[in-house]
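Visitor: could you look at this predicted model? Sequence included:
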Amino acid sequence: ADNKNFIITTVVSIIILTIFIVFSVYNENLITVNSSEYTKDIALDITPKSENVSDEILYHKNQISQLGVAEKIYSRVDYSADGIFKGVKLNKYIPEIKREDGYGEKRVNFQGKQSTYSNMIRILVSDDNILEEMLPYVDEQLSLEDFKDNGVVVINRVVIKNFIDVCRENLFDLNFEDKFTLAIKDINDGIRIPVSEDIDYIMKNNREIEFKYLGSIDGDKLLEGKRYGYSNSITLIVSEDFINREGLKLNEINLMIDTTDDDRSIGIIKEYSNVIDGYYFENYDWKYYIGNYYLMMGIVVYIILLLTIIVGAINIINNKTINITLRSKEIGVFLAIGMTKKRLRKILMLEGIIQWIIASAISLGLSFVILKIINEIIYYTSEVEITNMPIEAMLFGVSVLLIINILASYLPIRKLKTMATTKLIRNNE
């Protein structure tokens, strides 16, 4: 009976703490990530009509300027490719592709050097307006002049180092102004093929692009970085001086607009978007909606957590009470042979603390595993660092569980003060 009650109480404690950590960490990270999105008033995505994107961007900028609704217009062109970064080592904490039809990065040996393969490379050709706003967040002191001769800034990646250490780090082992080469597969050479075949094909191809490394930046410091998911791929930021675009897949033109008057500007730009068959996105409304959504979701989550803790605490206290009641004869014998009630209370309290330590250790490990699984599920759709387990959340959850266990041990023990030793020994429950 003692072992059974011990196991039941421990399992309930594990469930309470695990639910608290997983729900609170997940909810907190969602709110943090979505509230830190760096945006302008309106985003406009346009499918290019030709390969001459520079003229096309200039045309749209002029058209929007003539409408009199924009204070400032930011533009970039989104390219993608499969390729191998020759002689460039990948961050050791980044997992590799495990399946032939998978997406991501893989460490390969290319021409006798450790190199990095990826089928998720994006190259963002950005105008001076975007680069100027980005420069303060780059880990090197840069100017626009540095981007000439294919200067590039690389977006950092979220990495999981250990139990509680989740952070953004550099993708590559590169130093400032290091030159490196990207060997790519021409997009016109066929559809997507298995990873091993893709690697072999790139190694045999002769198309290469030279870059100069200028530093790195977190994805949330880049305009619309989270919405486009740039941090989930190898994303290179270059200027409009970028050359050698042949062989890259041209995806879309992104325009970000600071408007002069919200209500009037939104209607006019939305109408312009419909005329050119573009995709219009209003960030102000989205932030308002997403803010309210996560606020309500957070309230619901913490109500559920509160109810879970209350129900769990009652369950633990009841089980402890039953356990001590069932052991009353044993307790009476200890008292009869000379053990003081004070010493007995300390032993029973120590049992509760040991049970708390076991439950906390198992729960923290289980929470980490659950959060890691969730992270794997949403890894390619969001830069949510849900495996990050803040010290505050862990300490609070563990402290609440400690208080519950102390109360669960203390309340039944109080009855011992009023019970005679002979009565405890004769107890047949």
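Guide: Looks like it arrived, so ask away.

Visitor: quick one: the helices in the stretch 201-350 of the chain, in order.
Guide: 225-228, 262-275, 283-326, 328-336, 341-378 (DSSP state H, counting those that start in this stretch).

Visitor: nearest to L90, out of the ones you listed?
Guide: When the helices of the stretch 201-350 of the chain are ranked by distance to L90, counting by C-beta to C-beta, first place goes to helix 341-378 at 18.5 Å. Placement of C-beta: from N, CA and C, glycine included.

Visitor: for that closest one, packing partners?
Guide: Judged by 3 or more C-beta pairs under 8 Å, 6 or more residues apart in numbering; DSSP states H and E, helix 341-378 is in contact with helix 2-35, helix 328-336, helix 391-417.

Visitor: and among those, the most buried is which?
Guide: Among the helices and strands packed on helix 341-378, ranked by average contacts under mean count of other C-beta atoms under 10 Å, first place goes to helix 2-35 (a mean of 19).

Visitor: returning to what we had before: lowest average pLDDT across the helices and strands packed on helix 341-378?
Guide: Comparing the helices and strands packed on helix 341-378 by mean pLDDT, the weakest confidence falls on helix 328-336, with a mean of 72.

Visitor: other SSEs contacting it?
Guide: Contact partners of helix 328-336 among helices and strands, from 3+ C-beta pairs under 8 Å, 6+ apart: helix 341-378, helix 421-426.

Visitor: please identify the most buried of the ones you listed.
Guide: Comparing the helices and strands packed on helix 328-336 by mean neighbour count (mean count of other C-beta under 10 Å), helix 341-378 ranks first with a mean of 16.

Visitor: which strand is the longest one in this protein?
Guide: Within the chain, and with DSSP state E defining each element, the longest strand by residue count is strand 70-86.

Visitor: distance to F176 and mean pLDDT added to the helices and strands packed on helix 328-336, as TSV?
Guide: Formatted as TSV, the helices and strands packed on helix 328-336 follow (distance: least, C-beta to C-beta, whole Å; pLDDT from 0 to 100):
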stretch	distance to F176	mean pLDDT
helix 341-378	31	80
helix 421-426	76	58
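
Visitor: dump those to TSV, plus distance to I84.
Guide: Putting the helices and strands packed on helix 328-336 into TSV (distance: least, C-beta to C-beta, whole Å) gives the following:
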stretch	distance to I84
helix 341-378	25
helix 421-426	76
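
Visitor: among the ones you listed, which is nearest R245?
Guide: When the helices and strands packed on helix 328-336 are ranked by proximity to R245, the top entry is helix 341-378, at 32.0 Å, counting by C-beta to C-beta.
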